[in-house]
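**Student:** Fold the following, please.
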Amino acid sequence: MTTSNNTIQIQPAERLSLVKEYYFSRKLKEVAKMNAEGKDVISLAIGSPDMPPSKQTVEKLCEVAKQNDAHGYQPTCGTPELRNAMAGFYKRWFKVELDPTTEIQPLIGSKEGILHITLAFVNPGEEVLVPNPGYPTYTSLSRILGAKVRNYDLSADNGWQPDLEALDKTDLSKVKLMWTNYPNMPTGADAQIETYRKLVAFAKHHNIVVVNDNPYSFILNEKPISLLQVEGAKDCCIELNSMSKSHNMPGWRVGMCASNAKFIQWILKVKSNIDSGTFRGLQLAAATAYDNDAEWHHNANIVTYSRRRRYAEDIMNTLNCKYDKKQVGMFLWGKIPDTFSNAEELTEAVLHQARVFITPGHIFGSNGERYIRISLCAKEEKLQEAVERIKSMTQQ
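**Tutor:** The predicted structure follows:
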C-alpha cells in the first residue's frame with residue numbers, strides 16, 4: 001500500500017457551523033481541570049438531582065434485570081405498563097384524561113422529544129418561536145434541523161410570561177411550532193392557567209402547534225398544572241414531561257410527550273426510524289416510580305429543595321443580586337448589580353476566586369445577560385460552604 005504526504009481535507013457538515021459546543025460541555029472541562037489541580041470547585045450550575053429515586057423504583061429495576069427474558073428489544077411505542085402509568089400520573093396529578101394507547105409517547109428524555117417533534121412538524125426554512133431567555137436546546141436543535149429560529153421576549157416586567165398580543169402583530173405565516181416552558185427554566189416563573197388558555201387560543205388562531213416543556217412542575221411547587229388541562233389543548237398542543245427532575249431520575253432517560261392521537265402517530269413515525277424502545281427494566285421501574293405517593297413528592301421536591309433554597313438566596317444576597325422569592329423549580333434566578341458589566345464577569349470571579357461554579361444567564365439568550373442562575377442540586381453542607389467561600393471573596 002502506498003502512502004501520500006497529502007493531508008485528507010474532510011470537512012464537517014455545514015450544519016455544525018450553526019451551533020457551538022454546549023456551554024456546560026465546554027465549561028465542565030475547565031472545572032475538571034481545576035479539580036485535578038486540587039482546587040475543589042463546588043458546582044451549583046447544573047440541574048442534575050443528587051438524590052435517589054424512590055426505593056421501590058430501584059427495587060423494580062433490579063427485579064426485572066434478573067429476569068432472563070427481559071433483555072430483548074422493546075417496542076418503540078413503550079410497554080403498556082409504562083404508557084398506562086403515564087396516563088395514570090396525568091389523571092391523578094393534573095386531572096387530564098389521556099388514552100395510553102394513542103395519546104402518549106414515551107421518550108428518552110425531553111431533549112429527544114424536541115428533536116422528534118421538530119422533525120415531525122417543521123420543514124427546513126420554516127419558523128419556530130423560541131423564548132428568550134429559554135432552554136438552549138430549543139434553538140440549537142432547530143438550527144441543526146434547518147428551521148429558522150424566531151425569538152420572542154420574556155421579561156421580568158411581564159412575569160416572564162409570553163406577550164402574545166405583541167406576537168399577534170407580527171407575520172406568523174411561516175411559523176410551525178412555538179416552544180414554551182412552564183414552570184420556566186431559567187427564570188423560575190410558575191405556570192399560570194390564564195397563560196395556558198391564551199396559548200391554546202393563540203395556537204388555534206394562527207394554526208401553530210404549541211409545545212410546552214413541563215419537567216419542573218413538582219419542584220418547590222404545591223400546585224402543579226398542565227397545559228393539557230385547558231379545554232381544546234390536545235387539538236393543537238403537545239406537552240413534554242420528564243422523570244429527571246420530579247422523580248430524581250436524570251440518568252435514567254425517561255420522559256414522555258402527550259397530545260392527540262394524530263400528533264403522537266407522527267412523532268412515533270420519526271422516533272421508530274431513529275431508535276428502539278428502552279430496556280424493559282427501565283420502563284417497568286419508571287412505571288413504578290409514577291406511583292410514588294404525595295408524601296414522597298412532598299419530601300423530595302418541596303422539603304429538601306426548600307432547605308437548599310435558603311442557601312441560594314444567601315448567595316444572591318451576598319452578591320447583591322435581586323430575585324423573586326415566588327420562583328419555583330430547582331434553580332434560583334437573580335439580576336446582577338450594576339457594578340458588573342455582564343453576568344459572566346461575575347460568574348468568572350466567583351469561579352476563580354471562590355471556587356464556586358454558577359451559571360451566567362447569557363447562555364439562555366440575550367434577555368438573560370444581566371442574570372445568574374444557581375442550582376439547588378447540591379447537598380446542604382456544600383451549599384453552606386459555597387456561601388462561606390463567596391462571603392469571604394466579597395470581603396477581600
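**Student:** from here on, contacts and neighbour counts on C-alpha atoms
**Tutor:** Will do.
**Student:** Now residue 65: closest residue in space, sequence neighbours ignored.
**Tutor:** Closest residue to residue 65 apart from its sequence neighbours, by C-alpha to C-alpha, 6 or more residues apart in numbering: residue 281 at 5.8 Å.
**Student:** So which elements touch the host helix or strand of the one you found?
**Tutor:** Here residue 281, judged by DSSP states H and E, is contained in helix 280-289. Counting contacts by 3 or more C-alpha pairs under 8 Å, 6 or more residues apart in numbering; DSSP states H and E, helix 280-289 packs against helix 55-65, helix 80-94.
**Student:** in the stretch 1-150 of the chain, which spans are strands?
**Tutor:** Ranges of strands in the stretch 1-150 of the chain, per DSSP state E, counting those that start in this stretch, are 42-43, 104-107, 127-132, 148-153.
**Student:** most tightly surrounded among those strands?
**Tutor:** Of all the strands of the stretch 1-150 of the chain, strand 104-107 has the most neighbours on average by mean count of other C-alpha atoms under 10 Å, namely a mean of 26.
**Student:** Centre of the chain to that strand, how far?
**Tutor:** In terms of C-alpha atoms, centre = their mean, to the nearest Å, the centre of strand 104-107 is found 16 Å from the chain centre.
**Student:** Next: stretch 374-387.
**Tutor:** On the basis of C-alpha atoms, centre = their mean, stretch 374-387 sits 21 Å off its chain's mean C-alpha point.
**Student:** and the end-to-end length of it?
**Tutor:** From its first residue to its last, stretch 374-387 covers 12 Å (C-alpha to C-alpha, to the nearest Å).
**Student:** what's in contact with it?
**Tutor:** Contact with stretch 374-387 is made by 42-50, 305, 307-309, 311-312, 314-315, 330-333, 354, 356, 358-359, as judged by C-alpha atoms under 8 Å, 6 or more residues apart in numbering.
**Student:** Which among those count as buried?
**Tutor:** The neighbour-count test (16 or more other C-alpha atoms under 10 Å) marks 42-49, 305, 308-309, 311-312, 314-315, 330-333, 354, 356, 358-359 as buried among the contacts of stretch 374-387.
**Student:** any weak-confidence spans in the stretch 1-150 of the chain?
**Tutor:** Where the stretch 1-150 of the chain drops to pLDDT under 70, the residues are 1-7.
**Student:** Spell out, range by range, the helices that occur in the stretch 1-150 of the chain.
**Tutor:** Applying DSSP state H, counting those that start in this stretch to the stretch 1-150 of the chain gives helices spanning 23-36, 55-65, 80-94, 110-121, 136-144.
**Student:** so which of those gets nearest residue 172?
**Tutor:** Ranking the helices of the stretch 1-150 of the chain by their distance to residue 172 (criterion: C-alpha to C-alpha) puts helix 110-121 first, at 15.5 Å.
**Student:** and the angle for the closest one with strand 127-132?
**Tutor:** Between helix 110-121 and strand 127-132, the angle comes out at 150 degrees (axes from the mean of the first three to the mean of the last three C-alpha atoms, to 10 degrees).
**Student:** Do a quick rundown of the strands in the stretch 151-300 of the chain.
**Tutor:** Secondary structure of the stretch 151-300 of the chain (DSSP E, counting those that start in this stretch): strands at 175-181, 209-213, 237-242, 255-258.
**Student:** Show me the domain layout of this structure.
**Tutor:** 18-47+295-395, 71-292 (automatic domain parsing).
**Student:** Distance across the first one, terminal residue to terminal residue?
**Tutor:** I take that to be domain 18-47+295-395. 43 Å.
**Student:** Redo the domains of the chain as a markdown table? Include distance to residue 64.
**Tutor:** Shown next, in a markdown table, are the domains of the chain (distance: least, C-alpha to C-alpha, whole Å):
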| stretch | distance to residue 64 |
| --- | --- |
| domain 18-47+295-395 | 23 |
| domain 71-292 | 5 |
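**Student:** Make JSON lines from the strands of the stretch 151-300 of the chain and add mean neighbour count, mean pLDDT and distance to residue 344 to it.
**Tutor:** Converted to JSON lines, these look like this (neighbours: other C-alpha atoms under 10 Å; pLDDT from 0 to 100; distance: least, C-alpha to C-alpha, whole Å):
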{"stretch": "strand 175-181", "mean neighbour count": "22", "mean pLDDT": "98", "distance to residue 344": "24"}
{"stretch": "strand 209-213", "mean neighbour count": "25", "mean pLDDT": "98", "distance to residue 344": "27"}
{"stretch": "strand 237-242", "mean neighbour count": "24", "mean pLDDT": "97", "distance to residue 344": "30"}
{"stretch": "strand 255-258", "mean neighbour count": "24", "mean pLDDT": "96", "distance to residue 344": "32"}
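**Student:** a markdown table please, covering these and showing distance to residue 86.
**Tutor:** Converted to a markdown table, these look like this (distance: least, C-alpha to C-alpha, whole Å):
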| stretch | distance to residue 86 |
| --- | --- |
| strand 175-181 | 20 |
| strand 209-213 | 16 |
| strand 237-242 | 10 |
| strand 255-258 | 8 |
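**Student:** The ones you listed: which one's closest to residue 8?
**Tutor:** Nearest of the strands of the stretch 151-300 of the chain to residue 8, taken as C-alpha to C-alpha: strand 175-181 at 40.7 Å.
**Student:** tilt between the closest one and strand 127-132?
**Tutor:** Using the same axes, to 10 degrees: strand 175-181 against strand 127-132 is 20 degrees.
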